[in-house]
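K.L.:
let me see the structure of the following:
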Amino acid sequence: MRLGTLHAGATDEDLTDFWVRAIYAMRKRGLDEDERRAVVSLLMREGVPLPSTADWAGAPIGAMAEAAAELGGLLQGDPAR
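P.N.:
Below you'll find the model as predicted:
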């Protein structure tokens, strides 16, 4: 599964866009919450940082809004998200 590309020197906005789209892709492919968290943990261990905020510049509608909300939960350490 391709989750996107993140280049060196990425801004916080770039990180937010990457993670929202990655979470959306994982949800679309049917990964459950535990599987998505495992992928997030793996990517973080590989050096992909989380952004400081989940404020996403994209159109926050439908499934993308749900992905942005899930990112917000990850940033807050919310086990329910």
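K.L.:
name the nearest residue to the residue most central in space within the chain, ignoring sequence neighbours.
P.N.:
Residue closest to the mean C-alpha point of the chain, counted by CA atoms, centre = their mean, is residue 19 at 2.7 Å. Spatial nearest neighbour of residue 19, chain neighbours left out: residue 71 (5.1 Å); criterion: CB to CB, 6 or more residues apart in numbering. Where C-beta positions appear, they are placed from N, C-alpha and C, glycine not excepted.
K.L.:
next up, the contacts around that neighbour.
P.N.:
Contacts for residue 71 (CB atoms under 8 Å, 6 or more residues apart in numbering) come out as 16, 19, 20, 23, 50, 51, 54, 56.
K.L.:
which of the residues you listed sits closest to residue 37?
P.N.:
Using CB to CB, residue 23 is the member of the contacts of residue 71 that lies nearest residue 37, at 10.1 Å.
K.L.:
for that closest one, which residues are in contact?
P.N.:
Neighbour list for residue 23: 36, 40, 67, 70, 71 [criterion: CB under 8 Å, 6+ apart].
K.L.:
before we move on, what SS does residue 9 have?
P.N.:
Recorded secondary structure, residue 9: coil (DSSP: H, G, I helix; E, B strand; the rest coil).
K.L.:
got the phi and psi for it?
P.N.:
phi 80, psi 20 (degrees, to the nearest 10).
K.L.:
ok, residue 18 - how many residues close by?
P.N.:
By the criterion of other CB atoms under 10 Å, residue 18 has 22 neighbours.
K.L.:
actually, residue 35.
P.N.:
Residue 35: 12 surrounding residues under other CB under 10 Å.
K.L.:
go ahead and build a PyMOL selection from the buried members of the contacts of residue 23.
P.N.:
Here is the PyMOL command that picks out the buried ones among the contacts of residue 23, judged by 16 or more other CB atoms under 10 Å:
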select buried, resi 36+40+67+70+71
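K.L.:
and after the longest helix along the chain, which helix or strand comes next?
P.N.:
Longest helix in the chain, counting residues (DSSP state H): helix 12-28. Moving toward the C-terminus from helix 12-28, the next helix or strand (DSSP states H and E) is helix 33-45.
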